[in-house]
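Undergrad: Need coordinates for the following:
(one chain, ligands or ions: 2)
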Amino acid sequence: MLLKRVGAGGQPAPSPAEAPAAPGASSGNPYSQAAPMPNTYNQSPVMPTAVPGPNSSPIIPGQGLPSVLVDKNKLRDFRNQIVQRIQSSIGPNTVLTRDDKTIRELASKFKTFYDQLQLSLPADQQRMLFDEILAEMVGFGPLEPLLSDESITEIMVNGPNQIYIEQKGKLKEIDTTFENDDHVMRVINRIIAPLGRRVDRKWPMVDARLPDGSRVNAIIPPCSLKGPTITIRKFNKKPLTWQDLVRFGTVTEDMMMFLEACIRAKLNMVVAGGTGSGKTTLLNVLSSFIPDDERIITIEDAAELQLVQRHVISLESKPADVDGSGRVEIRDLVKNSLRMRPERIVVGECRGGETLDMLQAMNTGHDGSLTTLHANTPRDTLSRLETMCLMSGMDLPIRVLREQVSSAINLIVQQARLRDGTRKVINITEVQGMEENNIVLQDVFTWVEEGQDENGKVLGALKPTGLRPKFEDKLKLIGYKLPPSMFGGSIPGMKDIYGNNNNRRIR
Ligand SMILES: Nc1ncnc2c1ncn2[C@@H]1O[C@H](COP(=O)(O)OP(=O)(O)OP(=O)(O)O)[C@@H](O)[C@H]1O
Ligand SMILES: [Mg+2]
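TA: Ligands and ions are numbered 1, 2, ... in the order given. Prediction:
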């Protein structure tokens with residue numbers, strides 16, 4: 001660590017390295033309603049030790065008839081026929097749960113219908129068939145293998161015939177498909193039924209969570225023209241840590257230590273970025289720097305944050321009940337949190353009128369609050385903040401709004417997903433205050449792009465702009481002495497990714 005930190009009372013302040021590690025896979029998402037439920041799809045389907053084969057001899061994995069290539073379509077046909085027969089034998093609307101008893105019963109039904117169809121498949125294909133039937137009957141069908149593949153971070157089902165995944169930051173189409181719209185609908189219903197939600201033509205969209213905490217959105221016809229569409233943001237069982245972000249080249253160690261000092265100095269921060277740029281991940285990392293002895297209230301639409309501190313209250317908004325009443329919005333939760341003696345308020349994402357309440361909270365003694373929002377540059381972030389404040393319904397003059405914004409927010413951390421799929425913190429920008437009617441912004445760190453290599457990898461560097469933030473005194477007060485080297489020297493003529501001179505004030 002480059003930074004020499006002296007904590008209050010002359011004690012060395014803990015460094016990010018000493019900060020508690022992010023919770024491991026075992027902790028799951030403690031805030032998720034669905035968290036206590038067992039993870040039903042991440043374990044590979046339990047094949048009964050003796051699934052009877054066509055001639056009633058038990059299958060031993062790896063043994064049996066030699067594998068011959070059975071046409072993929074034929075196998076799918078067998079699967080569909082057996083699934084249909086099993087489903088009609090148990091009642092068309094029965095939704096099964098994955099447990100040993102159900103799997104044993106399914107194995108015995110599988111044997112019956114397998115024999116009835118007079119199939120004769122090699123052992124490995126029989127096993128594959130049974131696994132697929134299990135996935136259909138007690139899992140999420142064709143999504144099962146995608147859900148259990150940890151290298152896949154996002155799954156996008158665009159109607160029955162098109163599935164895209166995100167892997168290593170890149171989107172690609174895969175050759176898995178669903179049978180038809182009904183098949184996709186069955187999987188959607190399997191996801192939302194245990195949560196007591198439903199989706200139909202009258203209300204054709206739903207947000208839900210998988211048992212492991214993964215975030216799911218489904219939208220169906222008539223609103224989705226391509227057929228039922230599912231978007232799944234996989235839950236990271238092992239949340240990324242600040243060390244991971246440094247290792248991936250998202251931030252430098254200097255930037256991370258600077259941000260740690262800012263969190264500890266209770267600066268108010270906004271993490272901004274495009275969709276999927278890594279805002280929530282960074283917010284989680286930044287929140288891990290909040291000292292253990294502070295009372296933290298987190299507010300989210302679908303709880304994604306995984307804070308490691310003990311004194312954390314997690315609040316989640318709530319959709320309306322079937323009769324349309326009982327909706328609790330982020331805004332209600334922000335207001336309520338102010339009556340809960342918060343020391344830090346962390347709002348997962350500001351999307352509307354709650355922004356004004358959040359800014360007011362920041363301006364009235366709830367320093368050190370954090371949030372994220374969708375915006376592509378620090379300047380856009382300011383415009384978004386203003387627009388969202390207006391969404392609160394308060395008709396405030398623009399000058400008053402800007403004053404609210406500039407006195408509430410100290411720092412904007414701008415994240416981006418570059419065209420090669422990597423995520424970068426492209427600006428760490430200080431909000432310095434007002435000059436006439438404008439808010440003055442000043443980059444402290446910025447990403448300087450230098451082209452791309454032959455493989456399309458974006459080249460560049462994360463650099464300090466050479467300018468020290470005005471709030472540096474606040475950091476000194478809590479014992480952080482930031483070395484001049486952290487802020488680097490200015491580089492004459494260097495342009496940032498917007499083509500601006502690096503050392504110029506952005507206005
Ligand atoms: N720095 C990073 N390097 C690599 N992958 C990352 C990084 N940050 C986040 N990710 C991955 O990118 C995906 C999106 O991250 P995250 O949910 O934080 O984005 P987001 O900006 O909050 O998205 P949204 O706009 O949908 O809320 C996740 O799968 C996450 O694990
Ligand atoms: Mg997010």
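Undergrad: Okay, and the closest residue to ligand 1 within the stretch 1-150 of the chain sits in which element?
TA: Per C-beta to the nearest ligand atom, residue 150 is where the stretch 1-150 of the chain lies closest to ligand 1, at 10.7 Å. C-beta: built from backbone N, CA, C; applies to glycine. Assessed by DSSP states H and E, residue 150 sits outside every helix and strand.
Undergrad: Next, count neighbours for it.
TA: 11 (other C-beta atoms under 10 Å).
Undergrad: go on, residue 340?
TA: Using other C-beta under 10 Å: residue 340 sits among 12 other residues.
Undergrad: which of the residues in the lengthiest strand in the chain are buried?
TA: For the chain, the strand with the greatest residue count under DSSP state E is strand 438-452. Buried positions in strand 438-452, judged by neighbour count with 16 or more other C-beta atoms under 10 Å: 439-448.
Undergrad: for those, which one is nearest ligand 1?
TA: Within these, the smallest distance to ligand 1 is 12.7 Å, found for residue 447 (C-beta to the nearest ligand atom).
Undergrad: contacting residues for the closest one?
TA: 416, 424-427, 460-463, 496-497 (C-beta atoms under 8 Å, 6 or more residues apart in numbering).
Undergrad: As CSV, these with pLDDT would be great.
TA: Shown next, in CSV, are the contacts of residue 447 (pLDDT from 0 to 100):
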residue, pLDDT
416, 97
424, 97
425, 97
426, 97
427, 97
460, 93
461, 92
462, 92
463, 92
496, 46
497, 47
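Undergrad: In helices, which of those fall?
TA: Judged by DSSP state H, the contacts of residue 447 include no members of helices.
Undergrad: Filter the residues you listed down to the ones in strands?
TA: Checking the contacts of residue 447 against DSSP E, those in strands are 416, 424-427, 460-463.
Undergrad: in the sheet, who's paired with the nearest residue to residue 347 once chain neighbours are set aside?
TA: Leaving aside its chain neighbours, residue 347 sits nearest to residue 371 (4.1 Å; criterion: C-beta to C-beta, 6 or more residues apart in numbering). Legend: beta-bridge partners of residue 371 under DSSP bridges are residue 270, residue 347.
Undergrad: Quick check, residue 371 in contact with residue 279.
TA: No - in this structure residue 371 lies outside contact range of residue 279 using C-beta atoms under 8 Å: 9.4 Å.
Undergrad: any shared contact partners between those two?
TA: By C-beta under 8 Å, 6+ apart, residue 371 and residue 279 have these common neighbours: 271, 349.
Undergrad: can you pull the buried residues of stretch 308-326?
TA: Going by 16+ other C-beta under 10 Å, stretch 308-326 has these buried residues: 308-309, 312, 314-317.
Undergrad: again with stretch 296-311
TA: 296-309.
Undergrad: quick one, phi/psi of residue 231?
TA: Dihedral pair for residue 231: phi -120, psi 120, per degrees, to the nearest 10.
Undergrad: so it touches residue 156, yeah?
TA: Yes - taking C-beta under 8 Å as the definition, residue 231 is a contact partner of residue 156 at 5.3 Å.
Undergrad: how about stretch 412-421, does it reach ligand 1?
TA: No - with C-beta under 6 Å from any ligand atom as the criterion, ligand 1 is not reached by stretch 412-421; the gap is at least 6.8 Å.
Undergrad: how about that stretch, does it reach ligand 2?
TA: No - judged by C-beta under 5 Å from the ion, stretch 412-421 makes no contact with ligand 2; its nearest approach is 10.2 Å.
Undergrad: Looking at the buried residues of stretch 296-311, which are in strands?
TA: 296-300.
Undergrad: show me what contacts residue 408?
TA: By C-beta under 8 Å, 6+ apart, residue 408 lies in contact with 268, 358-360, 362-363.
Undergrad: Okay, now the unreliable bits of this structure?
TA: Residues of the chain that meet the criterion pLDDT under 70 lie in 1-70, 489-507.
Undergrad: closest point of it to ligand 1, which residue?
TA: Nearest residue of the chain to ligand 1, counting by C-beta to the nearest ligand atom: residue 278, 2.8 Å away.
Undergrad: Could you pull out the helices in the stretch 51-200 of the chain for me?
TA: Assigned by DSSP state H, counting those that start in this stretch, the helices in the stretch 51-200 of the chain fall at 72-90, 100-116, 123-138, 144-148, 181-192.
Undergrad: how about the residue of the stretch 201-350 of the chain found nearest ligand 2, what does it touch?
TA: Among all residues of the stretch 201-350 of the chain, residue 280 sits closest to ligand 2, at 3.3 Å; criterion: C-beta to the ion. Residue 280 makes contact with 304-305, 348-349, 372, according to C-beta under 8 Å, 6+ apart.
Undergrad: From residue 94, how far off is the closest residue to residue 206 other than its chain neighbours?
TA: Of all residues not flanking residue 206 in the chain, residue 199 sits nearest, at 4.4 Å (C-beta to C-beta, 6+ apart). Distance of residue 199 to residue 94, given as C-beta to C-beta, to the nearest Å: 19 Å.
Undergrad: before we move on, what about residue 455?
TA: Counting by C-beta to C-beta - residue 455 and residue 94 are separated by 51 Å.
Undergrad: which of those two has more neighbours?
TA: residue 94 (10 against 6).
Undergrad: The more buried one - nearest residue in space that isn't next to it in sequence?
TA: That would be residue 87: by C-beta to C-beta, 6+ apart, it lies 7.7 Å from residue 94.
Undergrad: That neighbour: neighbour count?
TA: Neighbour count for residue 87, taken as other C-beta under 10 Å: 17.
Undergrad: pretty sure the residue nearest to residue 206 is touching residue 191, no?
TA: No - the pair residue 199 and residue 191 does not pass the contact test of C-beta under 8 Å, sitting 9.7 Å apart.
Undergrad: Pick out whichever of those two has more residues nearby.
TA: Counted by other C-beta under 10 Å, residue 199 and residue 191 do not tie: residue 191 has more neighbours, with 23 against 19.
Undergrad: mind listing what that one touches?
TA: 140, 208, 210, 216, 218, 230.
Undergrad: can I assume the third one is in contact with residue 218?
TA: No - because the distance of 11.7 Å does not satisfy C-beta under 8 Å, residue 210 is recorded as not touching residue 218.
Undergrad: distance of the residue in the stretch 351-500 of the chain that ligand 2 sits nearest to from residue 341?
TA: The stretch 351-500 of the chain approaches ligand 2 most closely through residue 372 (6.2 Å), counting by C-beta to the ion. Note on residue 372: its distance to residue 341, by C-beta to C-beta, is 24 Å.
Undergrad: who has more neighbours, those two?
TA: Ranked by neighbour count (other C-beta under 10 Å), residue 372 and residue 341 place residue 372 first, with 26 against 9.
Undergrad: Can you give me every residue that contacts that one?
TA: 270-273, 279-280, 282-283, 347-350 are the contacts of residue 372 under C-beta under 8 Å, 6+ apart.
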